[in-house]
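[1] Quick one: sequence and predicted model below, then my questions.
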Amino acid sequence: GEAKKLEANLRLDHGSFLATGGDSGSAIADGAASLLMQAVRYESYEMPPSGKLSDEEIAVLEKWVADGAFWPEEPIPEMQQSREAFDLAQRRSEHWAWQPRSNPQVPQVASQTSTAIDCFVQREIEIHGLVANPQAERAVLVRRAYLDLIGIPPSIEQLEEHTSDLDEAWYVRMIDSLLASPQFGVRFGRHWLDLVRYAESRGHEFDEDVPGATHYRDYVIRALNEDVPYDQFATEQIAGDLLEKPRINSARGWNESLLGTGFWHLGEWVHSPVDSRKDEMDRFDNMVDVFSKSMLGLTVACARCHDHKFDAISTADYYALLGFLRSSHYRMVRFETLVEHEEIERERQALRDSKQAELKQLLCEVLAHCAADKSCCDLLVKKMSVLQSDAATTTATWQLAVPVAQDDPRLRAAFTRSDAWICEGPGFGSGPVAAGTVDFQFASEPLVRWQSFSGAHFDSYWSQLKSTVETVNGKNAYSQVDASGRTMLTPTFELSSGELSYLIRGQCQAFVAVDSMRLLAGPLHGETRREFREKTKDEKGVSEYRWVSHGLQRYKGKRVHVEFAPIDGQPFEVVQVVDGVAPESITIDATAELLRPVLTKLAEQLNAGEEIVEPRQAALLSTTMNAIATEVLAADERAWLSDELKETTTKLRTAIKTWQQELDQLAARTRWESAVAMAMIDGTGENHPILIRGSHENNGPIVERRFLTALEAKEVDNVGSGRLQLARELTDSSNPLTARVVVNRLWHHLLGRGIVATTDDFGVQGQ
């Protein structure tokens with residue numbers, strides 16, 4: 001209690017303080033492993049700092065702690081130093097910046113003035129007995145206006161034109177022409193880009209280029225030249241990817257609002273950080289710092305380690321904002337074609353849905369025939385044995401990989417739930433492909449596939465996508481440029497084991513984002529990216545479901561999410577992600593005699609409209625249907641086709657041919673190439689813990705996502721990141737700071753000094 005400075009709020013001059021401890025928790029919990037004993041053993045802090053205690057003294061303390069840290073009955077010593085409590089409400093009420101904006105009465109002044117603002121200036125001049133400077137010469141005004149608004153001095157011809165103009169409205173007309181100049185957006189765009197730390201490389205040692213950074217730069221210039229209202233502009237920076245009605249570029253048809261979210265990703269990135277969690281905190285800290293200074297004129301990042309020393313900003317406020325960032329992910333977006341591709345994908349899904357009943361009926365007729373024909377079953381068993389094993393006999397041992405149960409504690413993501421559906425681009429449609437769906441593999445064999453399980457399905461229709469990006473220096477092992485438009489993300493989770501297992505069909509690449517880390521340009525973290533390739537199992541390239549493993553031992557206990565993307569644009573499916581070792585596949589020994597009754601039963605169930613959901617049956621049905629499809633569709637005639645079935649197979653081939661022709665028509669009007677730009681995408685809604693003393697190794701209580709308390713933050717819906725709600729509160733008229741800050745910046749850039757000289761700090765320490 002007599003300490004001049006109380007470190008981490010820890011007092012040890014009374015027994016009652018030992019159990020509660022300080023900011024880092026109890027001083028004596030865990031006995032010999034307690035924080036107190038770690039400090040006296042010099043294993044963490046070194047106490048006492050003047051020299052380590054002897055082994056005998058440490059042993060005495062260890063026994064004392066183990067026995068319960070007895071303390072005699074005595075009064076609690078009083079604090080000798082008065083400590084000023086953090087009173088957010090009082091700070092808010094006493095500082096001008098938090099107060100509501102007002103519309104003051106324009107004062108009456110003796111001298112003639114041009115604007116209402118001049119009246120306020122003139123009043124102060126008269127009160128202080130001063131004399132206003134004379135109006136500048138016309139040539140000086142012209143030069144000032146040109147330099148301020150477009151950053152370029154007037155030419156001799158322009159100067160002569162404006163100085164000789166006899167019209168009384170010459171000045172207004174000149175200002176309008178400068179504001180209409182494309183160079184205006186370049187000039188004032190530079191002010192904004194400087195503010196949000198725009199750069200085209202990442203800094204640090206390798207100074208990696210930022211792919212697509214220039215598209216954010218050009219977005220800012222266009223927004224200024226198109227007179228986008230500031231509340232819209234600010235909203236697009238924070239949550240342009242979440243707007244229900246984004247701003248569409250009228251000339252080129254792309255989503256302008258989405259480009260604004262590149263704002264978040266302009267900071268320094270460390271390549272292959274040794275401590276990924278520390279790296280994440282440094283990146284998040286930069287994002288919050290730039291956001292709060294640029295749009296609110298507040299130094300919110302000063303509250304990372306403790307409540308703000310001067311302003312009405314608590315540590316909880318800081319970590320509440322971090323939750324918005326923890327719930328969002330970096331992405332590379334094909335912005336030039338995204339809008340039209342979303343529309344084309346809706347047309348494709350509608351086309352697929354319209355074909356389902358006819359194709360299912362025809363396939364079921366073929367299935368029923370095969371079930372009734374022994375020679376057909378013999379051929380199917382032989383065909384399916386090629387799919388499932390290396391043996392090419394009429395007796396097959398099938399290994400069927402099936403999903404784990406939904407209530408299995410290892411299950412991290414099943415691509416059947418809406419909360420597990422996070423897709424970047426059109427490649428996976430708008431939702432999972434349901435079990436039992438007949439789908440079409442664009443320009444590949446076999447032409448149709450029967451889906452065993454619900455899952456995320458990348459269709460090879462989108463294999464022709466081509467992304468363009470201008471970059472010079474880049475060693476990054478995972479830039480995501482090639483995966484843009486065709487990436488499936490899992491929810492975020494804590495990796496409890498050192499291995500992930502994926503149930504997939506086809507071949508794909510998987511990237512595990514550890515603590516939102518992206519930059520892999522270096523020797524570390526190479527195992528976070530894996531490719532799962534599959535050798536063709538027969539001449540038709542038929543692929544079945546299989547479990548694959550992804551070793552991640554060093555990341556046990558880390559927060560991760562997985563991003564799946566195709567290899568060489570090939571189709572694939574991902575059904576489940578399991579945290580741990582994959583389950584064993586189901587083994588089925590079968591002959592034609594055993595297969596026939598099973599197929600007969602499946603045909604009856606399908607004809608009756610029953611859904612095949614039992615995993616073993618679903619996998620067997622899928623394997624059978626795809627073998628049938630391969631055989632039936634491979635040629636016009638097959639020896640095992642009976643006369644009565646030839647008509648059915650002809651109808652089936654005709655229906656599929658029609659389907660392909662309609663898809664070809666869609667493909668003919670699809671633009672495949674697009675530039676890519678960095679942007680945000682929503683992930684799993686997560687809140688962030690307070691970090692004691694700002695240390696990423698010392699978690700405190702969880703804080704709900706919200707805006708600043710002093711601005712009367714509202715509760716955020718727990719769906720997605722909540723960034724759009726943050727943007728709405730930022731630009732709400734009840735928030736006095738946003739408008740004040742941007743008006744002050746304009747004043748600063750036009751007059752050389754803001755009304756508030758510290759343009760980034762409207763707090764108590766500002767001027």
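    Received the coordinates, thanks.
[2] For residue 91, give its distance to residue 99.
    12 Å (Cβ to Cβ, to the nearest Å). To be clear about C-beta, it is placed using only N, CA and C from the backbone, and glycine gets the same treatment.
[3] out of these two, which sits in the more crowded spot?
    The residue with more neighbours, out of residue 91 and residue 99, is residue 91; 20 against 11, by other Cβ atoms under 10 Å.
[4] residue contacts, that one?
    310, 311, 312, 710, 764 (Cβ atoms under 8 Å, 6 or more residues apart in numbering).
[5] How many residues are close by the residue nearest to the first one when sequence neighbours are not counted?
    Of all residues not flanking residue 310 in the chain, residue 764 sits nearest, at 4.1 Å (Cβ to Cβ, 6 or more residues apart in numbering). Residues lying near residue 764 (other Cβ under 10 Å) number 15.
[6] how about the contacts of residue 91 in a markdown table, adding distance to residue 265 and secondary structure?
    Shown next, in a markdown table, are the contacts of residue 91 (distance: Cβ to Cβ, whole Å; DSSP: H, G, I helix; E, B strand; the rest coil):
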| residue | distance to residue 265 | secondary structure |
| --- | --- | --- |
| 310 | 30 | coil |
| 311 | 27 | coil |
| 312 | 29 | coil |
| 710 | 28 | helix |
| 764 | 31 | coil |
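[7] how about low-confidence regions in this protein?
    Low-confidence segments of the chain, defined by pLDDT under 70: 80-84, 379, 382-396, 442-447, 471-472, 474, 535-542, 589-592, 630-642.
[8] what's the single longest helix in it?
    Secondary structure of the chain per DSSP state H: the longest helix is helix 338-372.
[9] can you give me phi and psi for residue 424?
    Dihedral pair for residue 424: phi -100, psi 110, per degrees, to the nearest 10.
[10] ok, now which ones touch it?
    The contact partners of residue 424, by Cβ under 8 Å, 6+ apart, come to 331, 333, 483, 484, 485, 486, 487, 488, 489, 681.
[11] Quick check: closest non-adjacent residue to it.
    Distances taken as Cβ to Cβ, 6+ apart place residue 487 nearest to residue 424, at 4.2 Å, with adjacent residues excluded.
[12] what do you get for residue 735?
    Closest to residue 735 by Cβ to Cβ, 6+ apart is residue 711, at 5.3 Å.
[13] Is it correct that that neighbour is in contact with residue 733?
    No - the pair residue 711 and residue 733 fails to qualify as a contact (Cβ atoms under 8 Å) at a distance of 12.0 Å.
[14] which of the two has more neighbours?
    Taking other Cβ under 10 Å, residue 711 and residue 733 do not tie; residue 711 has more neighbours (22 against 10).
[15] count of neighbours near residue 306?
    Applying other Cβ under 10 Å, I find that residue 306 has 16 neighbouring residues.
[16] Name the helix or strand for it, please.
    Using DSSP states H and E, residue 306 sits in no helix or strand.
[17] phi, psi of it?
    Dihedral angles (degrees, to the nearest 10) for residue 306: phi -160, psi 170.
[18] do the one 5 residues further on as well
    Here is the backbone geometry of residue 311 (degrees, to the nearest 10): phi -100, psi 170.
[19] tally of neighbours for it?
    Quick note: residue 311 (other Cβ under 10 Å) scores 27 neighbours.
[20] Now for it: which residues touch it?
    Listed by Cβ under 8 Å, 6+ apart, the contact set of residue 311 reads 91, 95, 298, 299, 302, 763, 764, 765.
[21] Could you measure from the most centrally placed residue in the chain over to residue 221?
    With distances taken as Cα atoms, centre = their mean, residue 329 lies nearest the centre of the chain, 1.6 Å away. Distance of residue 329 to residue 221, computed by Cβ to Cβ: 27 Å.
[22] Do I have it right that residue 303 meets residue 310?
    No - Residue 303 lies out of contact with residue 310 (Cβ under 8 Å); the separation is 10.5 Å.
[23] For the two, work out which one has more neighbours and name it.
    Neighbour totals were compared for residue 303 and residue 310, and residue 303 leads with 24 against 14 (other Cβ under 10 Å).
[24] Remind me which helix or strand the nearest residue to that one once chain neighbours are set aside belongs to.
    Nearest non-adjacent residue to residue 303, counting by Cβ to Cβ, 6+ apart: residue 318, 4.1 Å away. Taking DSSP H and E as the definition, residue 318 sits inside helix 315-326.
[25] Can you name the next helix or strand after that helix?
    Once the chain leaves helix 315-326, the next helix or strand it forms, by DSSP H and E, is strand 328-333.
[26] Could you verify my assumption that residue 234 touches residue 729?
    No - taking Cβ under 8 Å as the definition, residue 234 is not a contact partner of residue 729, at 11.2 Å.
[27] what's the burial count for the residue nearest to residue 303?
    Residue 318 sits with 29 neighbouring residues when counted by other Cβ under 10 Å.
[28] how far away is it from residue 305?
    As judged by Cβ to Cβ, residue 318 and residue 305 stand 9 Å apart.
[29] returning to that earlier point: tell me the one of the contacts of residue 311 nearest residue 75?
    residue 91 (33.5 Å; Cβ to Cβ).
[30] element containing that closest one?
    Going by DSSP H and E, residue 91 is part of helix 88-94.
[31] With that, I have no additional questions.
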